[in-house]
Every structure is written in C-alpha cells, then in structure tokens.
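Colleague: this is a predicted model, with the sequence first.
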Amino acid sequence: MNEGWMSRALSLGGRGALAVVLAVVALVPVLCSTFFTSQVGLTSLSLGIVAVSLTFLSGYGGMVSLAQTALFGVAGLITAKLTVDAGWNGWVAALVGVLAATAVGVLFGAISSGSVGIYFLVITLAFAEITYFFFAAVPTFGAHEGINQAKPPAPLGDPVLHPSAMYYFMLVVSVLVFLGLRYVSRTAFGLALQGVRDDPVRMAALGYNVRLHRTLGFALAAPVAGIAGVLSTWSNTRISAGSISLAVAILVLTAAVIGGLNKLAGAWVGAFVYTICDTYMRGWTDRFATYLGVVFLVIVLVSPGGIVGVLTSAGTWLRRRVGAGDVPGAGTSGRPGPLAEPATPVPVTGGQSA
Amino acid sequence: MASQQVTTRRIAPGLKARIAPTLAVVLGALGLLGVLWQAFGAGFGEKGNVPTFILITLNGLTLAGLLFITASGLTLIFGLLRVTNLAHGALFLLGGYLGLTFIQKGVPWLLAALLAMLATGVVGLVMHQLFLRWNQGQDLRQALITIALSLILADQMLAHFGATPTAIVPPDFLASPTNLGVYSLAYPTFRLAMLVGALVVGLLFWLVIKRTRVGMVMRAGVDDSAMTSALGINVQLVFAGAFFVGSALAGLGGVFAGTSYSLAPGQDQAFLVYALVVVILGGMGSLGGAALGALLYGLVDQYSSAYLPAAYANLSALLTFVLLALVLAVRPTGLFGKTR
Amino acid sequence: MSEHVLQARGLTRRFGGVVAVREVDLEIGQGERRAVLGPNGAGKSSLFNLLAGADTPTAGSIELFGTDVTALGARQRTRMGLSRTFQTSRLLGGLTVEDNLYLAAIGVSGGRFRLLRGSRDAEARKRAVRVAESVGMTDRLGEPAGELSHGEQRQLEIGLALVAEPRLLLLDEPAAGLSRAERQLLTALLLGLERDVTLLIIEHDMDVALTVAERVTMMYEGAVIVEGTPAEIRSNQRVHDLYLGRAHV
Amino acid sequence: MSDQVLEISGVDAFYGSAHVLQSLSCSVGERTTGIIGRNGMGKSTLCNVLMGLPPAKARGSIRFGGEEILGRPSYDICRRGLAFVPQGRRIFSSLTTDEHLRMLSRKLATRGKWTVDAVYDLYPRLAERRKVGAAQLSGGEQQMLAIGRALLTNPKLLIMDEPSEGLAPTIVEQLTETCRTLVSEGVTLLLVEQNLGMATAVADRLLIMVHGEVALETTSAELLADDDAQRRFLGVEPAGAH
C-alpha cells in the first residue's frame, strides 16, 4: 500500500519533471538572452528536426541514413535561391524546396531500398557526397560561397536580433513533426515499416512489398529533413554547400545517436546537448570534438538507446525498486501461456567461434 | 539469407533490368570516345594534345596506385572480418602525420614510412581488440564505433599537427623529376615510385594469399571462419593480424599522399570516401576488384577534370560518383563482388 | 473428389549439379490434411519453398486454386489465400503480439499503406484478437513478440498464418523445438482447424505429423516415392528401409 | 583420470530460443560409439556444442580427457584432440584439395601418425585431384577431404556428423568401409547418423537420441534384432508416449 503510493508519487514526479522541461522550453525567449535563443534555441531545433528524420528512419525503418543532410540541403538551397535570386514569396519558395527534397528522397529511397545495414549506410553516404559536390560545383547555387541574405518571411521577424517569433514557429513545427511521426508510427503504414525493420522475409510472406515500404518510409522522412533545411536557412539567413558536407552528415548522426536512435524525442535531446556543448564548451576547451567523439563512443558501446534510453531505463528501475508490485509488466514478464514451458532458462555459456 | 534476396530480386523483371546496364555501357563508351577525341583529335605532333594526355594519364595511374594501397587495407579488413572500418581515413591521415614527424626528427624517408606503418598498424590493432572484437557480427554497431573513433582521432590530430596543410619532403633519390623520353616530358619521380609501390603491395598480397599457409588460412577464414577454428586454427589471431596489416596499409597510403600531395585536416574523410568508392566499385572484399576500382577511379577522376567542357569542369568531382552509380546499376555487388 | 487447391506438375529444382526436387507431381484437394515426410536431404524444404513462392522452379508448374502461379512471388500467392509458417520463428520482434497479428490481417485484406486509422482498421484489430484467442495468446496481446518464450513464439507463428484466413496453410516443421506437452497442444490446435483450410505439413515429428495428416507423401532424393494413408505408409517396407538408410533405390 | 574419453553431463543447449538439448548426459569411451535418431532430435546441435561452434549455446559440463571443454574456443578444443567432420562437409570453396591439407597447423599434423602423405595414402583419389578446387570435387570426394583434414589434426576422438547425408548408396558403402578401417587402425569415432545401416556397421555401442535426450543405450546387434525399436525411434512411426 505504502509502496503503491510511492510509485504513484514517482510517476507523478516523472511527469512533473517532463512538464517543467516543456515549460522551460516554451519560455526560452522570455527567460533567456537573445543570444541563447538564437544561437542555442534555433540551432538545436533545426538540428533536432533533421536528426529526427534520421531517428525515424533508423528507429522505425531500420535504415541508418547519412543522406538526410543532402535532403536538408536540397530544400534549403532551393528555397534560398528562389527567395533571394528570383524574389519569390518565402512560403511558396519553402514549399517548393520541401517538395523538391521529397522528390529527391523518393529517388534516393528507390535506389537504396534494396540494401540493408552497412550497405545502406555506405550507399546513403555516396548520396550525401554526390549532393555535396553538386552544390559545391554549381555556380547557380553559389558554389562554395552559398547563398546569403536568405531572410525568413516577414511574420517570423529577424532571427538574429529578435528571434522569439522564429523560435516559437520552429517549436510549433517541431511539435507538429514529433506528433506527426509518432502518429504515423501507429498507423498501418508505420507498423508495417517496423515489421519490415524486424523481419523483411516474414513481411513478404504476409503479403507486403518490402522494397516499396522502405522506399515510402524514406520518402516520408525526406520532407522532414527538407523542413529542417528551410528552417536552418531562415534562422542563419544563409546556406552553402559547406552546410551539407560529410562532416555535417556525421554530426547529425552523432546528435541522433547521443540522444537515442530508438526514440523520436531523442533527436531533439541529442541536438540540444550537442548545440549547448558546441556553443559553450568551445570556450574552455579546444578539444570539443574529442569529447564529443568519446561521448558518442561510450553511448554506442554502453547504451545503444542514447540519453533517452538511459533516462527511460533509470525511470523503470527506480519505479521497480520502489513499487515492485505496482508496475505492469515489471516483474511478471515470462508468464507462461497455455503452450509455454515454465519459463525457459537463459543460456549461460556460449560456444564461441573464437 | 537466400530467401531474403529472392524477395528483392523479383522487383525488376524483363525490360527494366535491361535499361540500366545498356545506359551504363553507352555512357561509358561515350565518355571514353570523348577523352580519346580530345587527346588525339589534334594529331600526334609536338603541338597536339598528346603530351598533356600522357601527363594526365600518368596522374590518373599514380593516383590509382595511391588509392589501391589505401583501399586494399579497407577491403582486406572487410573481406575477412566483415567490418567496414570507417576509421580507415583517420588511420590514413595518422600514418601521414607520423611519417612527417619522424622525417622532421631526421629519420630517413624509407625508415620513417616503415615506422609510420607499424604505428598505425598498432593503433588499428588496439582499436580492434578494445572495441570491435566483442561486437563481432553487429556490423552497424561496429560502423558507428569506427565513426566515433575517427572523430576522436581526427580531432587529436588537429590538436597535435595543426590545421595548416603540410607536405612530406620526398627522399633525395626520388626528389628530381624523371625524364620520360617522349615529347621531352618530365614527371615527378616520387609519383612513379608510388605506382611501383602499389604494384609491389599488390604482388606481395597476391603471393601471400596464393602461396603461403597464412594465405590459405585467410581464404578459409573468409569462406567459413567457424569451421576454420574447428580445425585447430586460432582465427582470432588471423583476424587481429589482418586488422594490423590493413591499418598499416592505410598508414602507408597516408605517407605516400603526404609526400605527393599534402596533409591537412579533412583529408581523412576525403580519402575514406575515395577508398569506399574504390572498394564498392571493385566489390567489397575483393583485392583484384580494389585494383580495378582504383584504376577506374584514378583515370575517370583525372580525365574528367581535364577534358570536361569548361562550363561543366566544376562537376568533375561528381563524375566518380556517377561512375559508381553506373557500375552498381550493372553489377549491384561491384565488379568482382560475390553475390551472397 | 473436390477440386484441387494445389496442383504441381513435373516440379524440378536444380542447384548447380544437385537436383533438390525431381519432377514432383503433387495434388492436394480442398480441405485435405497432407504431410510430406522423408529423411534429411530428401528435398522437402526445397519443395516447400517452391510451393510458397520463396524460390523459382527450374522446370514444372504450380497451380494454386486453379490459377497458374509458377511465375508469381510469395507476396502474390499470399494474397491469393496461401499462408506459410517458417521453420525457425520469424516474428516481428519489436512489435506486440497484437500488432503482429494486425499486420498479418491487413497484409492480405488491403490497407497496408494507410496513414489514417479508420473503421476497416477496427475490423482487422478484431480479427487479430480473435485469432490470438484461438491460438491461446489472449493474455499476451500487449507483449513484444521478441520477449515471448519459444513455445509462445511457435504459437504466434501459426497465428500469423491463420489470421489471413488462408485457404491453404503450409506448415514448415511447426513442432520444431517444442517440448512434449507443447507438441500435444499443437496437435490439438491443428486438429481443431476448420475444414475450409487445407493443410500441408512438413514435419519430422511423427507424433504430430501422423496424427494430423490423412494422407502422406513420402520423398527421397528429391522425388516422390510413395503416397498413401498414414497406415499404408507405416506398413510400407520400402519407406521403412529408406528411413533407416538401408535401401538402394 | 577417468577411463572415459568424453563425459557429457547435464548439458542443456539452446538454438535461438529453442531448448534443443535437455540435460543430456552420456559418455564415450575408447570404443567407437554411434548416436542415432531422426531429424530434428538435436544430434547436430550436440556436435556443435561439443566443438564449441556457434550458434548453439549451452551449459552443463563436457569433460574431455578429464578437463572441462564447454565454453572453450573451438580451436582450443580441436588442439586438445577432438576433431570434427561437419554435416554438409563445409569445404572451403576458395581452396584446392591440397591447400585444405597444407593449411593445417604443422604442430598438429606432426604430433601423430596422420600426415598429409598418410591422408593421400588413405585416399589415393584425393592425391589425384590435389590441384583441383575443392568446390569442384564430387560429394564423395568432398567427404573424403573433410575426413582427411580432420584426421590431420591427429585427434583422440573424431566426431562425424551425418557423413552419409546426400551421398549415393554405393558411396555410403565405401564410406562405411573407410570408417571401419579407421576404427581398426585405432581411431576412436563418435558417429552421429540417421542411416541405421552405416551406424550399425561402424559402431558397436549405440545411443538413440529422441527430443534432445538419450532415450536408449543399446548395441548394434540388439537394435538390428529389434524391429519395433527401429520403427519407433527411426522409422515412420509415432514414438508414442514413453
């Protein structure tokens, strides 16, 4: 009885903590300096959105892609080109940019959908390089110089001097993207994508077109990456080929891994942690990248679920410690069904190939 | 595994499957014709384009040599251990910087190159033993681990060797250009030596793999490592050895690149991508494939930057990737890749 | 005799120099319970893959419900009403038991790409729950499939094949790795299936195979040697010799 | 030290989630032993567990010459004197016949009477085809090669997993003959077979395996005389509730 109360308190505490975090995030422009809002806030939100397109692909589709920054760049550069050089309305230009990124995403997806695992990673790396070299070479897109003065549409204001409007806009987009992807993951299509991730052979035997599902999954993540590209262009008022180099692609991967490749929220967590460190740690250490690499390495080795994974399991552990009987599934998994044996023991020693 | 391929193989029957290879062959032939026309269209005289063509070809061949040395280590490790070592580029740059440091300390070039190879080999070996060995079979996790390691290595190199591009001075006996004896052309001797080096590495590889017991064990390990182990052979030892040699080759590539081109941050990722493209072109795990891939890459890279029409000249970096796409369209597992 | 659910003619599959399946003729009628037996390497699994569409025959033809399906893949055959199980469980480990069954339900009925949840969805969910009950997994619906015990995984494996409401069910060693008690329950489950499902079972376990099957096809070296009732097969001296490895064909 | 060469006690083995061997206990002495049973009874899993090969995982105790070998790496188990002829032969397709024999450690190949030349003497056919890629060999020749390379490690105990599988009857007869020759030359065999004829011809002591357990220990003569047991354990007959 007492334990049940404790566990309820804990779960309330967890929810409370989450609420506080959300409230702080919502109040950033009020509570924090303009520099923080613009430098940390805007950057981590756009990095978070491009990272979540990767998290969605890897977590729900089993596809770890390095090509998300390429799609980011397609949308960003086209939007910038259309607004700056052709004088288009910002919203229309953004729409065209995102659509172009989606089209390229369908193409990339169709080509790479036949490959899995490490081959998929390497093929998408090739896509990232092709896109980078293309934009770095073509004068239309400013080559290495990129396109400057790509200001956001008027209602969003000046992202450097008065970033609150831009911040809230990006926050709303982030929430919509998060809810949208989470919704998709529970629809027939999203579940099927996870099925393909788990066992493509079984899915084919159930009547699914495995390659088509992978391609469509890729196509669905493409506009998300594209939106991030547009938002990043607007908040920096510029974009160039350098914004989509291989180093950036690996940075996005790093942020996603640190946050957690299995949970959508991990993308923003990782992006925020990365941006904070990037902004402030560089002040007192020159070896920022080394520390980042070490964190990346430790997370891959120790907790494949990233920061979000660590937090979730810590929460479960706490709850189980405090209120053992209260948590569904905590101590009862392995209940035998009618055909089941009394709980299969876990194999101990492994015959290794050594 | 077999049935998994079946589900994907059914996608493109008949006509669709024919379009891509035909297109690839036609495009390749057109490209070759273009190069030949540019080279020989103006005749064979002293004033024609032939002298430039010879120099460009040599540039392509020597670049191919460098790429082969670098990519052979990558393909060796992949073939035997199924590990895609994405820290290969970092090891490459590390080898270059270590060679540079030794030479600056007064060590002769050849000895410095050897020491740099040994050191990178040891670094690779430590990486394998500490981080990769106990993750065998989890290829994606291993790839992420090697990415993390390459980030750390690259930043540490930036800390110790700075961001300014530096080059290694070639050994004295290779310092002055060689007279080619045609069209009164001269060519950097060191680059020719690099090509010879690649041939020596290739030959050594071939001899070891075909003629020695270690080579037989390696081939057996690629076929069926568990069965090899059941015959009393410590396959882990062979794996460790392969990782050492593969990493050492990356280091040798770095020393060569540092001497004929330059060393700078970013070279690690650039050469990792080159080596990956070469290895995928040839088929992952195939040494002959790496040689052919390197040759194709080197020539296409040099010809395209020299012969593309001026308006498109800045697209030359793209062309090697187009080459990759063309080859994969015809043979999805690369030129010599095994279908598994 | 009712019409044929499955009809294979002259089915042959070569792997290089090895003939895994040799001119097999097979006819299975509506509602039949058929077992395919044979010693190791007799070609049972190769035949199974040809029938399920996971592999293409070198020669011969396969007719399913009166339509030639030789050139069609596993996916198309599944949509025509064929379901299969796998020798080693192939489940969608990251999804719950219910989602596994739900995906199996819509895999055939349509709505695979739907991004919205609607009324047809509820229909499929209902079917998933119903099948879970029939394979005895009602209280495991919310459990991720990857965390089930081996016996439960085998149950779900059959559930995934049943939820598509197949007309022909191919079972690839359903009893593999089950304990004695679990095998008896499996036998009961198979015996309780409706007659509008036709069964084809490959099974090493004679307890299960000979209890469920009404007719037995005996294979050896890729070819069909005998066909008959379980009793006929049991009393056949040639079958006996083949199984003990004493026979010279 | 005990007089048993190999002592298996209480071994549980898992293949994925399947519990394949259920506290299996048995021992093999200096005398050649056959293990027979139908498909899917865990015979191959047992072989893999003995040799420390993946993917089977096991616990319990396996003592070989008095020392615990369960959990040891495969190459170490082989060096202690256990050799393996696997199911399906598992020939290395990139190696020639000769290379299969030359690749083995010289330390193992010189610790007993089996040398490369001795193997070629045993199988003159392999000597004729020494330069041929092993993948080009016929099934029977590949089986000879698999046995030859295992012998070269000069084992105290040679495990053979279904050597007769997929071979024509005449080849199986030849194989049976070679096995008998090996036994008469002092090699101890652990022959895992489905083929009753071969198993009874080679081994005198037989263990019958049903569902991951040893159901019966018998002799060849007894089993050959017991038609009912043959049908129950090997033939087309329910094993029934025992």
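Modeller: Done, it's in.

Colleague: which strands and helices sit next to the one helix or strand D:Gly148 maps to?
Modeller: Assignment of secondary structure by DSSP states H and E places D:Gly148 within helix D:139-151. Helix D:139-151 sits against strand D:82-85, helix D:97-102, helix D:116-122, helix D:124-128, strand D:157-161, helix D:169-184, with contacts defined as 3 or more C-beta pairs under 8 Å, 6 or more residues apart in numbering or on different chains; DSSP states H and E. To be clear about C-beta, it is placed using only N, CA and C from the backbone, and glycine gets the same treatment.

Colleague: so which residues of chain D form strands?
Modeller: D:6-15, D:18-28, D:33-36, D:57-64, D:67-68, D:82-85, D:157-161, D:188-193, D:205-210, D:213-219 (DSSP state E).

Colleague: same check on chain C?
Modeller: C:4-15, C:18-29, C:33-37, C:59-64, C:67-68, C:82-84, C:168-172, C:198-202, C:215-220, C:223-228.

Colleague: out of those strands, which is closest to A:Val40?
Modeller: strand C:82-84 (53.9 Å; C-beta to C-beta).

Colleague: residues making contact with that closest one?
Modeller: A:205, C:48, C:52-53, C:64, C:74, C:160-162, C:164, C:166-172 (C-beta atoms under 8 Å, 6 or more residues apart in numbering or on different chains).

Colleague: show the buried residues in those residues.
Modeller: Using 16 or more other C-beta atoms under 10 Å in any protein chain shown as the burial test, the contacts of strand C:82-84 include A:205, C:48, C:52-53, C:64, C:74, C:160-162, C:164, C:166-172 as buried.

Colleague: which residues touch A:Val52?
Modeller: A:177-178, A:181, A:224, A:256, A:264, A:267-268.

Colleague: hang on, isn't B:Val235 packed against B:Asp223?
Modeller: No - judged on C-beta atoms under 8 Å, B:Val235 makes no contact with B:Asp223 at a distance of 11.5 Å.

Colleague: more crowded one of those two?
Modeller: Comparing B:Val235 with B:Asp223 by other C-beta atoms under 10 Å in any protein chain shown, the one with more neighbours is B:Val235, at 26 against 17.

Colleague: list the helices and strands the longest helix seen in chain B packs on?
Modeller: Longest helix in chain B by number of residues (criterion: DSSP state H): helix B:50-81. Judged by 3+ C-beta pairs under 8 Å, 6+ apart, the packing partners of helix B:50-81 are helix B:15-40, helix B:88-104, helix B:189-211, helix B:213-223, helix B:235-260, helix B:267-282, helix B:287-307.

Colleague: can we see that at 6 Å?
Modeller: Using 3 or more C-beta pairs under 6 Å, 6 or more residues apart in numbering or on different chains; DSSP states H and E, the elements in contact with helix B:50-81 are helix B:189-211, helix B:213-223, helix B:235-260, helix B:267-282, helix B:287-307.

Colleague: can I get those helices in a markdown table including mean pLDDT and distance to chain A?
Modeller: Converted to a markdown table, the helices and strands packed on helix B:50-81 look like this (pLDDT from 0 to 100; distance: least, C-beta to the nearest C-beta, whole Å):
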| stretch | mean pLDDT | distance to chain A |
| --- | --- | --- |
| helix B:189-211 | 94 | 22 |
| helix B:213-223 | 92 | 10 |
| helix B:235-260 | 95 | 6 |
| helix B:267-282 | 92 | 5 |
| helix B:287-307 | 91 | 11 |
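
Colleague: pick out the residue nearest the middle of the chain.
Modeller: I went with chain A, as the question did not name one. A:Val52 (1.8 Å; C-alpha atoms, centre = their mean).

Colleague: think we crossed wires, I meant chain B
Modeller: Closest-to-mean residue, chain B, C-alpha atoms, centre = their mean: B:Ala71 / 2.6 Å.

Colleague: how far away is the nearest residue to A:Gln149 once chain neighbours are set aside from chain C?
Modeller: Counting by C-beta to C-beta, 6 or more residues apart in numbering or on different chains, A:Val84 is the residue found nearest to A:Gln149 once chain neighbours are left out, at 5.8 Å. For A:Val84, the distance to chain C equals 35 Å [C-beta to the nearest C-beta, to the nearest Å].

Colleague: ok, now D:Glu99?
Modeller: For D:Glu99, the distance to chain C - C-beta to the nearest C-beta - is 21 Å.

Colleague: so that residue sits right up against B:Met216, yeah?
Modeller: Yes - with contact defined as C-beta atoms under 6 Å, D:Glu99 and B:Met216 form a contacting pair (4.8 Å).

Colleague: the more surrounded of these two?
Modeller: Neighbours per residue (other C-beta under 10 Å) separate D:Glu99 from B:Met216, with B:Met216 holding more: 25 against 21.

Colleague: show me the contacts for that one.
Modeller: Taking C-beta atoms under 6 Å, 6 or more residues apart in numbering or on different chains, we find B:Met216 in contact with D:95, D:99, D:103.

Colleague: could you give the mean pLDDT of the helix holding D:Gly148?
Modeller: On average, the pLDDT along helix D:139-151 is 93.

Colleague: now stretch B:116-124
Modeller: pLDDT averaged over stretch B:116-124 gives 97.

Colleague: check stretch A:106-115 too.
Modeller: Computed over stretch A:106-115, the average pLDDT equals 88.

Colleague: do it and chain B meet?
Modeller: Yes - counting by C-beta under 6 Å from any C-beta of the partner chain, contacts between stretch A:106-115 and chain B involve A:Gly114.

Colleague: list the buried residues in that stretch.
Modeller: Buried residues in stretch A:106-115, defined by neighbour count with 16+ other C-beta under 10 Å: A:106, A:108-115.

Colleague: would you mind giving the domain segments of chain C?
Modeller: Split into domains by automatic domain parsing, chain C comes to C:1-81+C:166-249, C:89-165.

Colleague: give me whichever of those domains is most buried.
Modeller: Across these, averaging neighbours per residue (mean count of other C-beta atoms under 10 Å in any protein chain shown) puts domain C:89-165 on top, at a mean of 21.

Colleague: check which residues of the helix or strand encompassing B:Gln142 are buried.
Modeller: According to DSSP H and E, B:Gln142 maps onto helix B:139-161. When burial is assessed from 16+ other C-beta under 10 Å, helix B:139-161 yields the following buried residues: B:139-158, B:161.

Colleague: low-confidence regions, chain A specifically.
Modeller: Residue ranges of chain A with pLDDT under 70: A:1-4, A:6-7, A:323-354.

Colleague: now do 50
Modeller: Chain A contains residues with pLDDT under 50 at A:325-354.

Colleague: near chain B, which residues of it are found?
Modeller: By C-beta under 6 Å from any C-beta, the residues of chain A that approach chain B are A:114, A:117-118, A:121-122, A:126, A:129-130, A:133-134, A:137, A:201, A:204, A:210-211, A:246, A:289-290, A:293, A:296-297, A:300, A:353-354.

Colleague: can you select the buried ones from those residues in ChimeraX?
Modeller: To isolate the buried members of these in ChimeraX, using 16+ other C-beta under 10 Å:
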select /A:114,118,121,122,126,129,130,133,134,137,201,204,210,211,246,289,290,293,296,297,300,353,354
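
Colleague: filter the residues of chain A next to chain B down to the ones near chain C?
Modeller: Okay, of those touching chain C (C-beta under 6 Å from any C-beta), that's A:201, A:204.

Colleague: in helices, which of the residues of chain A next to chain B fall?
Modeller: Reading helices off the residues of chain A next to chain B with DSSP H, I get A:117-118, A:121-122, A:126, A:129-130, A:133-134, A:137, A:201, A:204, A:210-211, A:246, A:289-290, A:293, A:296-297, A:300.
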